[in-house]
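Asks: Could you look at this predicted model? Sequence included:
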Amino acid sequence: MPHLTKISGICPAVFVLYTDATCRKIDEKAQRAHYRKLIDYGVNALVVGGHAGEIVSLNPEERMHVIQMAKEEANGRIPVVGGVVADSTAEAIAMAKDAQKAGADAVLFTPPCVPGWKAEVEFLLHHYGAVEQAVGIPIVLFAS
């Protein structure tokens with residue numbers, strides 16, 4: 001897929017499917033089928049590990065695995081966006097690098113949970129700028 005410069009349209013935050021109610025083992029077959037179904041319905045991107053999903057419940061290897069599966073199922077037809085939910089810049093960089101390594105075309109950032117951050121524009125510019133310099137893939141900002 002060429003370098004991503006714009007995302008528009010329907011870009012769902014994809015949930016993770018598990019083999020049973022304990023949510024300890026990802027159901028890879030069902031997960032892949034879910035990605036294919038969404039693509040067949042005409043979504044414009046897959047957002048894997050968005051803030052409303054299971055991203056904080058998955059370990060780094062699992063987060064990378066669900067992104068890799070999405071990338072394989074998308075097969076260049078639509079972009080895959082990996083989620084980054086981190087309060088520290090170092091953690092955000094690590095999550096973004098993992099998403100990039102897994103094949104994400106961009107990363108979706110949830111703003112850090114820092115009291116008063118909305119008034120701290122300099123902090124946010126540093127936070128997102130440091131990630132962009134360290135990783136170099138497009139950043140999509142999630143605003144609530």
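Replies: Sure thing, it's come through. Computed from a predicted structure; not experimentally measured. Numbers count the residues shown, from 1 in each chain.
Asks: Please name the residues that touch the nearest residue in space to Asn44 that is not next to it in sequence.
Replies: Closest residue to Asn44 apart from its sequence neighbours, by C-beta to C-beta, 6 or more residues apart in numbering: Gly9 at 3.3 Å. Glycine gets a C-beta too; all of them are placed from N, C-alpha and C. For Gly9, the contact set (C-beta atoms under 8 Å, 6 or more residues apart in numbering) comprises 43-45.
Asks: Could I get the pLDDT score of the residue lying closest to Lys25 once chain neighbours are set aside?
Replies: Nearest residue to Lys25 in three dimensions, chain neighbours excluded: Thr19, at 4.6 Å (C-beta to C-beta, 6+ apart). Note for Thr19: predicted pLDDT of 92.
Asks: With Gly136 instead?
Replies: Reading off the model, Gly136 has pLDDT 86.
Asks: and it, what are its phi and psi?
Replies: The phi and psi values for Gly136, taken as degrees, to the nearest 10, are phi 80, psi 20.
Asks: contacting residues for it?
Replies: So Gly136 contacts Gln100 (C-beta under 8 Å, 6+ apart).
Asks: Kindly recompute the last result at 6 Å.
Replies: Listed by C-beta atoms under 6 Å, 6 or more residues apart in numbering, the contact set of Gly136 is empty.
Asks: Distance-wise, check it relative to His51.
Replies: 22 Å (C-beta to C-beta, to the nearest Å).
Asks: Let me know whether Ala96 touches Val135 as I believe.
Replies: Yes: assessed by C-beta atoms under 6 Å, Ala96 is found in contact with Val135 at 4.4 Å.
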